[in-house]
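**Student:** Using only what follows, build the 3D model:
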Amino acid sequence: MLALAISALFTLTGVVAVATIAHSLIGARAAYAQLMREGEVMRAGFALQAAAVDMQLRAVRRQDVTPRRRSAQLRRLPHQICAAA
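**Tutor:** Okay, here's the model as predicted:
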């Protein structure tokens, strides 16, 4: 019974691993095809334009505008040094 459970676990793990690799392969092929299409467009002399959403200006946060202040210097406390003989 234990051997059957172990072999089922390894089989399930193998199936999940193969499915994960297949999913990554499908995504990689789609990304590669898109890059090749964009390369052909650029070689033809056209420049790709960013989407308007990417071109919007972000509001400046107040803390980014104000200069950073140095933190207060901490006072060093004397250390007691003990040496064992």
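**Student:** What is the top helix by length along the chain packed up against?
**Tutor:** Secondary structure assigned by DSSP state H gives helix 2-43 as the longest helix of the chain. Packed against helix 2-43 by the contact rule (3 or more CB pairs under 8 Å, 6 or more residues apart in numbering; DSSP states H and E) you find no helix or strand. Bear in mind the C-beta positions are built from the backbone N, C-alpha and C, glycine included.
**Student:** Give me the mean pLDDT for that helix.
**Tutor:** On average, the pLDDT along helix 2-43 is 94.
**Student:** What average pLDDT does stretch 49-66 get?
**Tutor:** Stretch 49-66 carries an average pLDDT of 64.
**Student:** how close does Ile6 sit to Leu12?
**Tutor:** Taking CB to CB, to the nearest Å as the criterion, Ile6 is separated from Leu12 by 11 Å.
**Student:** Overlap in contacts, these two.
**Tutor:** Overlap between the contact sets of Ile6 and Leu12, as judged by CB atoms under 8 Å, 6 or more residues apart in numbering, is nil.
**Student:** so Gln49, which of the three states?
**Tutor:** Three-state call for Gln49 (DSSP: H, G, I helix; E, B strand; the rest coil): coil.
**Student:** where's it relative to Ala8, distance?
**Tutor:** Spatial separation of Gln49 from Ala8 under the definition CB to CB is 53 Å.
**Student:** Next: Val15.
**Tutor:** In this structure, Val15 lies at 11 Å from Ala8, with CB to CB as the measure.
**Student:** Kindly report the same for Gly27.
**Tutor:** Applying CB to CB to Gly27 and Ala8 gives a distance of 29 Å.
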